[in-house]
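Peer 1: here are the coordinates; sequence isn't available:
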């Protein structure tokens, strides 16, 4: 009986583009079933880090393991075990809701029976039954986000990566979205989410803050707030990013 | 395989839902084929000739009549000086000036006599064609005059018969239509394929696909197969229309043409695929596709003969898949050739296809290093 | 006016930021002119000849050597019967076959004379006819030199090709190439920029602003006028310097007409953006709708005079055709506006028609 393995492990993960170091030797661990918040300002290196963890970009040096596979040496195996929701939501707008679900489920190799079952399940959970045959283009933004998230989970991955999933929607929809995230975590899926909404950071089990390519803070929300003597994560963040601005 | 099925279903649905694009993809080549093919000919219908007859003799007037009677020329005017004639050339009122010098009739009775032909070579092609018409008319007139002056007649030594093979009626349509069809289908298929792939890049769905276990082969096949099938359909449609409207010959085996088309389109689309890996936006894809298509057009041997190009250019033309397919089409449809006759171009296409695909697949990497 | 300028500056910045497209837009036309200027020729370079000579004698050998003595004809096959000819033609190994009858030499001295058969591959009628003419000339010369020709009637045509004495392909070609490149690139650019705004919805925003529709369109499209002009200049310089293409008329007039033509093409692009639903359709429409029709109908390769009447009428609608007449007139003939005012007026008229139609389609009431 082995110890439960970590969902994501990064060791000195580094990415350089010519002279510019986008991600500078970051190291962290994420446990299975955790909701991990990956915070940082725009340009801090979050997206680059996620692209490495999802096997889209090779590391310049260092290593990372996701769902037990090395992202540098076995990116394709990593991809089989993860789900991904990119910043642009990445559903095909000119396909219907049902067609999108079927497509991605099929790509991940689910059987026809499974596809049918999970599609119905998903439609019911999202209450999108009546819109199953509508083009995604016609759905409002909030619904599209929730759908994209569900599609990312349709094949039951161990880890799901969300890159800025809640941009541009109203607070109520954001709440609903986070409920879905909790639901997924409760069912055992590790959720790795980047966001620049600092209030959402409070919803995470643990979080890290990236500044200029390095991890400047990591821990539970409470730990981080304590470390920077801050009232909120936002305060801590401001301290890290603009140290001269703190009183 | 199964996964490919899902991807193909997605692609076809997307294509068929975009009505406007579909209409363009299928209808435009055929419509343009019907309308534009009539333009691709060098037979000048009515050359406008201006006459400057300084001899005003029976023989010189006979020549003028002969020119006009040929059916190829109409009289644009006449004058006794070159000034008006040159003006007519400048203002495009005439395409050629026929100047018959004084003493034409007299000179002709004792030896060779000159006739000046001044062409408006602004349109060089037309000028060349008119020149050959006039040369034939002059020759005919020579023979006619020879018969009328019995003492001068010497039985011609050599009776030369000229025969043209494969296109005896010198029908331009036979020559042009299949080629134009191929070019039209290629232009649109290649452009749309390239754009389609880049669009996924632009929107972000490409990234989404890259994170899935889909393989490069599956992705590429998924992108190419639908357009490949549609282009084949387009080509078939075009050939049927060409047969009905223009009556192009089908001397050789149509199946051979089709089989070659299958290979050719794969190469053409492969190039579109390769273009898509080089660019970031649909806009760039379009411009590069345009550039490549222009090269295709002009180096295909359709409008200007490859045999006329300098050696290095002929070698470059070998790189144009269109050139090989047009060669195949003409050899089969007009010359009635069989497999042996087209073995070479087919082999070239096959090699070409392999290279292009290898390049494109290599370029298209799901993981950037 | 100030808003218009601000608008144009924004568009300029946008263009400059997309390095790759800019590079393509600037280099493409010059590269193509250079390539095609060198590569595309219409003169016959060589004719591969097969000789079928069942009974070789001094006459047949003499005539054959005549052919071989030219730079043009290359004797590539020597046969004794015609059986394999069709295969040779089909495999494109020969362009022409000279078929001697049996006892050619002996027949020449007899009363009836001798027959000679020349078979030409006329799959390409134009090249085929040209080859036949060359062959005919060689045979004629040979016949004359055998001493029989002094008696027959001979009309000798003195040919002069005005405005392009050597029928230099490049001179004929470059104006046409300019037409195609300018028209497609300009129309494409304006179609892209306007349909992008239409698609992303920013056009709505602009239309409800104090800016009038014509200001919006001008602002977006005029920067491309500058780009198009740069293209024209670079192409003309290349044509002149590298190929020696003449510009016998007024350069100022030529550049002015080029500007007009660019505006016409831009207007066409605007129209396309106005009537299509998406940027993709606008782009494809611009390329498909302009490329082949301009190449085939403008007269750059095939003479307009060889088109059937109805098609000549259709060609009137292709802006490139008028521009070709104008540019060839100025470059090769050196004529001025007195000869070209009609064509210029037509281009200007077309521009107005396109713009008018586009403006109507872009009317503030968006549907």
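Peer 2: Alright, I've got the coordinates. Because the structure is predicted, anything quoted here is derived from the model rather than measured.

Peer 1: can you list the residues of chain A near chain B?
Peer 2: A:54-58, A:75-76, A:79-80, A:82, A:84, A:86-92, A:94-95, A:99, A:102-104, A:106-109 (CB under 8 Å from any CB of the partner chain). Just so you know, the C-beta spots here come from the backbone N, C-alpha and C atoms, and that holds for glycine as well.

Peer 1: go with 6 Å
Peer 2: Neighbours of chain B within chain A, by CB under 6 Å from any CB of the partner chain: A:54-58, A:75, A:79-80, A:84, A:86, A:88, A:90, A:94, A:103, A:106-107.

Peer 1: can you say which of those are buried?
Peer 2: Members of the residues of chain A next to chain B that pass the buried threshold by neighbour count (16 or more other CB atoms under 10 Å in any protein chain shown) are listed as A:54-58, A:75, A:79-80, A:84, A:86, A:88, A:90, A:103, A:106-107.

Peer 1: remind me which residues of the stretch 51-200 of chain C are low pLDDT?
Peer 2: Residue ranges of the stretch 51-200 of chain C with pLDDT under 70: C:111-112, C:147-153.

Peer 1: which single residue of it approaches chain A most closely?
Peer 2: residue C:199 (12.7 Å; CB to the nearest CB).

Peer 1: returning to that earlier point: which of the residues of chain A next to chain B lies closest to residue B:261?
Peer 2: When the residues of chain A next to chain B are compared for distance to residue B:261 (CB to CB), residue A:94 comes out closest, at 29.3 Å.

Peer 1: mind showing which ranges of chain A have poor pLDDT?
Peer 2: Ranges of chain A meeting pLDDT under 70: A:1-4, A:89, A:243-247.

Peer 1: strands of that one, start to end?
Peer 2: A:8-17, A:20-30, A:35-40, A:61-66, A:69-70, A:82-85, A:159-163, A:190-195, A:206-211, A:214-219 (DSSP state E).

Peer 1: and the shortest one, what does it pack onto?
Peer 2: What that stands for is strand A:69-70. Other helices and strands packing on strand A:69-70, by 3 or more CB pairs under 6 Å, 6 or more residues apart in numbering or on different chains; DSSP states H and E, are absent; none qualifies.

Peer 1: so how far is it off the chain centroid?
Peer 2: 18 Å (CA atoms, centre = their mean, to the nearest Å).

Peer 1: over to the first one?
Peer 2: What separates the centre of strand A:8-17 from the centre of its chain is 17 Å, taken as CA atoms, centre = their mean.

Peer 1: wait, the residue of the stretch 51-200 of chain C closest to chain A sits on residue C:279?
Peer 2: Yes - the pair residue C:199 / residue C:279 is scored as a contact, 5.1 Å apart, by CB atoms under 6 Å.

Peer 1: so where do the strands sit in chain B?
Peer 2: Listed in chain order, the strands of chain B (DSSP E) span residues B:47-53, B:73-78, B:96-100, B:113-120, B:158-165.

Peer 1: so which residue of the stretch 51-200 of chain B comes closest to chain A?
Peer 2: Closest point on the stretch 51-200 of chain B to chain A, by CB to the nearest CB, is residue B:200, at 9.1 Å.

Peer 1: now for the helix or strand encompassing residue C:190, which elements pack on it?
Peer 2: Assessed by DSSP states H and E, residue C:190 sits inside helix C:169-200. Counting contacts by 3+ CB pairs under 6 Å, 6+ apart, helix C:169-200 packs against helix C:19-39, helix C:213-243, helix C:251-275, helix C:279-297, helix C:319-328.

Peer 1: ok, 7 Å please
Peer 2: Counting contacts by 3 or more CB pairs under 7 Å, 6 or more residues apart in numbering or on different chains; DSSP states H and E, helix C:169-200 is packed against helix B:282-298, helix C:19-39, helix C:213-243, helix C:251-275, helix C:279-297, helix C:319-328.

Peer 1: go through the ones you listed and pick out the most buried.
Peer 2: helix C:319-328 (a mean of 27; mean count of other CB atoms under 10 Å in any protein chain shown).

Peer 1: tell me which helix or strand comes right after that helix.
Peer 2: Taking DSSP H and E, what comes next after helix C:319-328 is helix C:337-361.

Peer 1: around the residue nearest to residue B:268 when sequence neighbours are not counted, how many other residues sit close by?
Peer 2: Using CB to CB, 6 or more residues apart in numbering or on different chains and skipping residues adjacent in sequence, the residue nearest residue B:268 is residue B:186, 4.9 Å away. Neighbourhood size, residue B:186 [other CB atoms under 10 Å in any protein chain shown]: 28.

Peer 1: surely residue B:186 meets residue B:269?
Peer 2: No - in this structure residue B:186 lies outside contact range of residue B:269 using CB atoms under 7 Å: 9.0 Å.

Peer 1: residues near residue 114, how many?
Peer 2: By default, I'm working from chain A. 16.

Peer 1: hm, I was asking about chain C
Peer 2: If we define neighbours as other CB under 10 Å, then residue C:114 has 21 of them.

Peer 1: give me the pLDDT for residue C:363.
Peer 2: For residue C:363, the pLDDT comes out at 67.

Peer 1: that older thread, got the contact list for the residue nearest to residue B:268?
Peer 2: B:268, B:296, B:322 (CB atoms under 7 Å, 6 or more residues apart in numbering or on different chains).

Peer 1: likewise residue B:321?
Peer 2: B:264, B:267, B:268, B:349, B:352.

Peer 1: need those in CSV (columns: neighbour count).
Peer 2: Shown next, in CSV, are those (neighbours: other CB atoms under 10 Å in any protein chain shown):
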residue, neighbour count
B:264, 28
B:267, 23
B:268, 30
B:349, 21
B:352, 22
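
Peer 1: average pLDDT for stretch B:147-155?
Peer 2: On average, stretch B:147-155 scores 56.

Peer 1: ok, now stretch B:194-213?
Peer 2: Computed over stretch B:194-213, the average pLDDT equals 85.

Peer 1: how about the residue of chain A found nearest chain C, phi and psi?
Peer 2: Closest to chain C within chain A is residue A:94: 10.9 Å, counting by CB to the nearest CB. Main-chain dihedrals, residue A:94, degrees, to the nearest 10: phi -90, psi 10.

Peer 1: I'd guessed it sits against residue B:12; true?
Peer 2: No - between residue A:94 and residue B:12 no contact is recorded; they are 11.9 Å apart, counting by CB under 7 Å.

Peer 1: coming back round to it: count of neighbours near the residue of the stretch 51-200 of chain C closest to chain A?
Peer 2: By the criterion of other CB under 10 Å, residue C:199 has 16 neighbours.

Peer 1: that one touches residue C:280, doesn't it?
Peer 2: No - in this structure residue C:199 lies outside contact range of residue C:280 using CB under 7 Å: 9.1 Å.

Peer 1: I'd like the helices and strands packed on helix C:169-200 written out as TSV, with distance to chain A and mean pLDDT added.
Peer 2: Below are the helices and strands packed on helix C:169-200 laid out as TSV (distance: least, CB to the nearest CB, whole Å; pLDDT from 0 to 100):
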stretch	distance to chain A	mean pLDDT
helix B:282-298	15	86
helix C:19-39	17	83
helix C:213-243	26	85
helix C:251-275	21	91
helix C:279-297	12	87
helix C:319-328	35	91
